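*Asks:* the following comprises the amino acid sequence and a computationally predicted model.
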Amino acid sequence: MNALPSESIACKPPFIGVFDSGVGGLTVLRALRHLMPDVPLQYVADTANAPYGERDSDFIAARSLAIAQHLVQQGAALLVVACNTATAHAVEALRRTWPELPVVGIEPGIKPAVAASRNGRVGVMATTATLTSARYQELLKAHAGPAHIVGQACTGLAHGIESAQLDAPELDRLIARHCAALIDAGVDTVLLGCTHYPLVQDRIARHLGPDVQLLNIEDAVARQAQRCWQALAFEPEAAPGSPASIELESTGDPAPLTRLAQQALHWPVQARQVLI
Ligand code: DGL
């Protein structure tokens with residue numbers, strides 16, 4: 001069995017380890033920070049290998065296991081997979097590898113979206129790898145009921161968010177194209193099934209128009225992580241009123257992660273590069 005958090009080689013206080021293929025998981029990190037400002041967070045962006053959405057299942061699982069191993073060795077006591085694509089292809093392998101480590105994943109919230117839809121037509125914006133996964137098919141089987149679910153594989157969108165300025169016109173044209181397909185399909189509710197997309201949520205909302213409601217699930221994931229963290233019952237490390245540390249790591253150029261964390265999330269944190 002792999003090393004448990006209590007056997008970790010580092011002696012820093014226990015923290016929540018969070019990872020994504022790139023900057024998208026910052027949207028989950030933001031929700032975690034909001035809910036648990038006194039809990040230390042360490043985030044890994046697998047920038048050198050992003051995006052995951054067009055990769056095969058074995059690759060996504062191997063990268064997820066390697067990053068989780070890195071976080072566990074550093075002392076992560078809880079793992080949050082801040083990536084729908086990695087959750088779809090790796091969450092079971094992560095739980096098998098570290099059976100005593102709580103692992104929280106993120107998946108498109110089909111059930112609440114179906115409940116919220118008035119016309120029974122729901123769009124899911126996600127990566128190709130998420131939409132073609134067995135876990136996603138199981139989610140549909142369990143929760144779609146009679147609703148019509150339209151999966152929109154948003155090819156290029158996570159890559160565009162990784163590499164462009166968020167207000168770049170070419171990114172806006174790509175968003176418009178993916179939204180148009182969902183409008184044509186007559187959906188009245190759209191789920192953001194990729195953690196990158198809330199970073200351009202205002203633009204997605206504008207292209208979908210006022211009659212389509214947009215749902216995302218980062219806050220629910222943060223609440224689930226909070227329940228798991230509370231069950232671990234650690235003594236708080238940060239003094240009351242002073243926020244705990246946030247560490248940002250990137251397997252590639254750390255500049256986009258630093259820029260987005262500072263610009264979009266208003267955190268003066270400098271990301272560093274790691275080899276994983
Ligand atoms: N942010 C990711 C997700 O939630 C992955 C995007 C990608 O790397 O393609 O699915």
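*Replies:* On my side now, so go ahead.
*Asks:* nearest residue to residue 71 in space, please, no chain neighbours.
*Replies:* Spatially, and ignoring its direct neighbours in sequence, residue 71 is nearest to residue 17 (3.2 Å; CB to CB, 6 or more residues apart in numbering). (Glycine included, C-beta is placed from N, CA and C.)
*Asks:* so what strands line up beside the helix or strand containing the one you found?
*Replies:* Following DSSP states H and E, one finds residue 17 within strand 15-20. Using DSSP bridges, the strands paired with strand 15-20 are strand 41-45 (parallel), strand 76-81 (parallel).
*Asks:* can I get that strand in CSV? Just the C-alpha atoms.
*Replies:* What follows is strand 15-20, C-alpha atoms only, in CSV (Å, rounded to 0.1, in the frame of the first residue of the first chain):
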residue,chain,number,x,y,z
PHE,A,15,-3.4,20.5,4.2
ILE,A,16,-5.9,19.9,1.4
GLY,A,17,-4.2,18.9,-1.8
VAL,A,18,-6.0,20.0,-4.9
PHE,A,19,-5.1,19.4,-8.6
ASP,A,20,-6.3,20.0,-12.1
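*Asks:* what about that strand and the ligand, touching?
*Replies:* Yes: on the criterion CB under 6 Å from any ligand atom, strand 15-20 is in touch with the ligand at residue 20.
*Asks:* residues touching that strand, excluding its own?
*Replies:* Contacts to strand 15-20, defined as CB atoms under 8 Å, 6 or more residues apart in numbering, come from residues 25-26, 28-29, 32, 36, 39-46, 64, 67-68, 71-72, 74-83, 86, 195-196, 225, 229, 244-245.
*Asks:* chain center to it, what's the gap?
*Replies:* 10 Å (CA atoms, centre = their mean, to the nearest Å).
*Asks:* need the strands paired with strand 15-20 in a markdown table (columns: distance to residue 176).
*Replies:* Shown next, in a markdown table, are those (distance: least, CB to CB, whole Å):
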| stretch | distance to residue 176 |
| --- | --- |
| strand 41-45 | 27 |
| strand 76-81 | 30 |
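*Asks:* what residues does the stretch 151-276 of the chain put near the ligand?
*Replies:* 158, 194, 195, 196.
*Asks:* the second one sits in which helix or strand?
*Replies:* If you go by DSSP H and E, residue 194 is not part of any helix or strand.
*Asks:* tell me the contacts of it?
*Replies:* 24, 53, 83, 84, 85, 125, 126, 127, 130, 154, 157, 158.
*Asks:* same question for residue 56.
*Replies:* Residue 56 touches residue 129, counting by CB under 8 Å, 6+ apart.
*Asks:* show the pLDDT at it.
*Replies:* You'll see residue 56 listed with a pLDDT of 97.
*Asks:* now it: how far from residue 195?
*Replies:* 20 Å (CB to CB, to the nearest Å).
*Asks:* again, but for residue 49
*Replies:* 16 Å.
*Asks:* more crowded one of those two?
*Replies:* residue 195 (30 against 19; other CB atoms under 10 Å).
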